[in-house]
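[1] the sequence and its predicted three-dimensional model are supplied below.
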Amino acid sequence: MKRYEILNNPSLLLGLFILLALILISVIGPYFVSSPYTQNTSIKFTPPGRDYLLGTDNFGRDVLSRLVVGAKYSLSAGLVSVAIGTFGGLLLGAPAGYYGKYIDNIIMLLCDIMLAFPGIILSMAIVMVLGPGIYTPMLAVGISSIPLFTRLVRAQVLSLRDAPFVEAARSTGAGDLRIIFKHLLPNCMGPIIIQATLRMGSAILMAATLSFLGMGAQPPEPEWGAMLNAARPYLRTSPYLAIFPGLAITITVIGINLVGDGLRDYLDPKLRER
């Protein structure tokens, strides 16, 4: 069977296209749209049309401008929260898997305590302690992701700590830190990258959920979850106010998940041999 190649995976290419388009929109898009904070009550609830492609909201603000500017918040939520979760997982999972015994038991006990709570409940508790804000959901979702990455890193390190290349490094006098960071972790990055990519979609959803519940970005910030929350009273009269932010979140999560699935297929040695 043919060796797996990225260009032979249409879903991965579609996911990359969506992700790159969103990145471009979030970086250069704000320079081509009007201010998302400008209010004009004389044009409020203008339906989508030629003058306002996606309509205006209850304050007369351009929905398209708010979606474009809000893209950076949603993408940042995914990137920052996954970075926090991955970094925390590496710091905790590597020593747990390498040393085992009491260190492993203590770290796994902490992870089990955190995993006993649903991710959204744990994130809400963290936000309640830190207070709502545009960046608080990123930190909350990142902290709630640490146990998932910790268990993954621990499992990978456990499977490799007695491998021949590790024994060879020990025989040359390499210390524990050198073995962990130079030999073990680089060989564990495949599954970690896959998990981080797939987790990014969930992180965006969780951050949007927190904002929808009023625990994230506060008005007038054009965050997609906050826009959904603001559109609730107008679902019958102006449904487009909820449809467009909902579509933006859905397309973003689908694109990231397609990239994650494609990377999983590409980085899996068994699939690459097909």
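    Received it, and whenever you're ready, just let me know what you need. On a predicted model such as this, the values are computed, not experimentally measured, just so you know. Numbering: from 1, shown residues only.

[2] residues contacting residue 165?
    Going by Cβ atoms under 8 Å, 6 or more residues apart in numbering, residue 165 touches residue 183. For the C-beta atoms, the positions are set from N, CA and C on the backbone; glycine is no exception.

[3] the host helix or strand of residue 98: what's the following helix or strand?
    Using DSSP states H and E, the secondary-structure element containing residue 98 is helix 63-99. Of the helices and strands lying after helix 63-99 in sequence (DSSP H and E), the nearest is helix 101-115.

[4] what angle do that following helix and helix 63-99 make?
    Interaxial angle, helix 101-115 versus helix 63-99 (axes from the mean of the first three to the mean of the last three Cα atoms, to 10 degrees): 150 degrees.

[5] packing partners of the helix or strand that helix 101-115 is followed by?
    Counting by DSSP H and E, the next helix or strand C-terminal to helix 101-115 is helix 119-130. Counting contacts by 3 or more Cβ pairs under 8 Å, 6 or more residues apart in numbering; DSSP states H and E, helix 119-130 is packed against helix 136-160, helix 189-212.

[6] so which of those helices is nearest residue 218?
    Residue 218 sits nearest to helix 189-212 of all those, at 8.7 Å, using Cβ to Cβ.

[7] packing partners of that closest one?
    helix 63-99, helix 119-130, helix 136-160, helix 224-231, helix 240-267.

[8] same list, those, but as CSV with distance to residue 49 and mean neighbour count please.
    Listed next are the helices and strands packed on helix 189-212 as CSV, based on distance: least, Cβ to Cβ, whole Å; neighbours: other Cβ atoms under 10 Å:
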stretch, distance to residue 49, mean neighbour count
helix 63-99, 12, 22
helix 119-130, 37, 17
helix 136-160, 33, 23
helix 224-231, 18, 24
helix 240-267, 11, 19
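
[9] number of nearby residues for the spatially closest residue to residue 244 that is not a sequence neighbour?
    Excluding the flanking residues, the one nearest residue 244 by Cβ to Cβ, 6 or more residues apart in numbering is residue 54, at 5.2 Å. Each residue near residue 54 was counted by other Cβ atoms under 10 Å, and the total is 21.
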